[in-house]
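# Show me how the following folds:
(one chain, ligands or ions: 3)
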Amino acid sequence: MGVCCSRKSSVHPEDKIKDSKIIFVVGGPGSGKGTQCEKVVEKYGFTHLSSGDLLRAEVASGSERGKHLQAIMQKGELVPLDTVLDMIKDAMIAKADVSKGFLIDGYPREVKQGEEFEKKIGAPALLLYIDAKPETMVQRLVKRGETSGRADDNEETIKKRLDLYYKATEPVIAYYESRGIVRKINSELTVDEVFKQVSQAIDKLK
Ligand SMILES: Nc1ncnc2c1ncn2[C@@H]1O[C@H](COP(=O)(O)OP(=O)(O)O)[C@@H](O)[C@H]1O
Ligand SMILES: Nc1ncnc2c1ncn2[C@H]1C[C@H](O)[C@@H](COP(=O)(O)OP(=O)(O)O)O1
Ligand SMILES: [Mg+2]
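Numbers count the residues shown, from 1 in each chain. Ligands and ions are numbered 1, 2, ... in the order given. Predicted coordinates for the structure are as follows:
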C-alpha cells in the first residue's frame, strides 16, 4: 500500500458518519416506529431513515431491482441484507454534513444486520424498543391498510411479518441489552404518552 491508498482512505465518505449519533428504532410491524420517529424529528431535528421507506422508494422508481424487492416485501419477507444496508449507508452519507443524529427505523431486523451495520458504519448509542402486543399491532396495521396503499398491509402478510418479527428481530433486542443501550418503550398508550417515554430516553443520551 503506497501513499495514494492511505490518503484515499482518509477521505472515505464513511469517515463522515462513523462518529454520528445513531439510534436504532426496533419494534414489530405496526408498533408505532414511524409515528414516534416523526415526532423525534420535529423535536430533536434528527434525520429519520426508515429502511421500509427507502425500499418503497426504490419500488416506486419502477427499476428492475424495485420489482424484485416488491415481490419479497409483498410476501412479508426480508430483503437481502446488502441491499438494505447499502441504501441506509448511502442515505446517511448524503446527510452526514447536516445531521445532528440518525434514527435508523426498521433496522436491524436480525442480529446479522446489526453486526454488519457496526462493521460498515458504526455503533448505536441507543436502541429504542417500541413494544406493543401482537393484537394491538395487527389491529393498527389492518386499520393502516385501509389508507396506506401498502401491498403488505393485508391480513395474510401481516401474520407473516409478525411471525418473522418474533423469530428474527426479537433476538436483536437481547443482543443489544447485554450492552445496556436498550430502552423499552410501552407503545400501548396514546402517541403523546409513548413520545414522553421516547423523549426521556433521548434526553438521557446527552
Ligand atoms: N400510540 C399509538 N396509538 C394508536 N395508534 C397508533 C399509535 N402509534 C401508531 N399508531 C398507528 O398505528 C399504525 C402503525 O404505526 P406506524 O408508526 O406506521 O408503525 P410501524 O412504523 O412500526 O409499522 C399507524 O396507522 C399509526 O397511526
Ligand atoms: N432492515 C430490513 N431488512 C430486510 N428487509 C426489510 C428491512 N426493513 C424493511 N424491510 C422490508 C421487509 C418489510 O416487511 C418491509 C416493510 O418494512 P417497514 O416499512 O419497516 O414495516 P413497518 O414499519 O410496518 O414495520 O420492507
Ligand atoms: Mg414504519
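
# Tell me which residue in this protein sits closest to ligand 2.
residue 52 (1.8 Å; Cβ to the nearest ligand atom). Every residue, glycine included, has its C-beta placed from N, CA and C.

# Are stretch 57-73 and ligand 3 in contact anywhere?
No. Applying Cβ under 5 Å from the ion, one finds stretch 57-73 separated from ligand 3 by no less than 12.2 Å.

# contacting residues around that stretch?
52, 55-56, 78-79, 83, 87, 151-152 (Cβ atoms under 8 Å, 6 or more residues apart in numbering).

# Please list all residues in contact with residue 120.
14, 85, 89.

# So which of those residues are in helices?
Counting by DSSP state H, the contacts of residue 120 place 85, 89 in helices.

# surely residue 188 meets residue 133?
Yes. Counting by Cβ atoms under 8 Å, residue 188 does reach residue 133; the two are 6.6 Å apart.

# Now for the residue of the chain closest to ligand 2, how many residues are close by?
Per other Cβ atoms under 10 Å, the neighbour tally for residue 52 reads 19.

# Kindly report the same for residue 181.
16.

# same check, this time on residue 88
Residue 88 has 23 nearby residues by other Cβ under 10 Å.

# list the contacts for it?
Here residue 88 is in contact with 49, 51, 54, 104, 107, 117, 121 (criterion: Cβ under 8 Å, 6+ apart).

# switch to 10 Å and redo it
49-51, 54, 102, 104-107, 113, 117, 120-121 (Cβ atoms under 10 Å, 6 or more residues apart in numbering).

# cool, and residue 41?
So residue 41 contacts 47-48, 103 (Cβ under 10 Å, 6+ apart).

# The chain: helices as residue ranges?
Taking DSSP H as the criterion, the chain carries its helices at 3-10, 33-44, 51-60, 64-74, 81-95, 111-120, 134-148, 155-164, 170-177, 191-203.

# Reformat the ones you listed as CSV; add distance to residue 18.
CSV is the format used below for the helices of the chain (distance: least, Cβ to Cβ, whole Å):
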stretch, distance to residue 18
helix 3-10, 12
helix 33-44, 21
helix 51-60, 19
helix 64-74, 27
helix 81-95, 10
helix 111-120, 9
helix 134-148, 34
helix 155-164, 30
helix 170-177, 18
helix 191-203, 21
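
# Cheers, nothing more for now.
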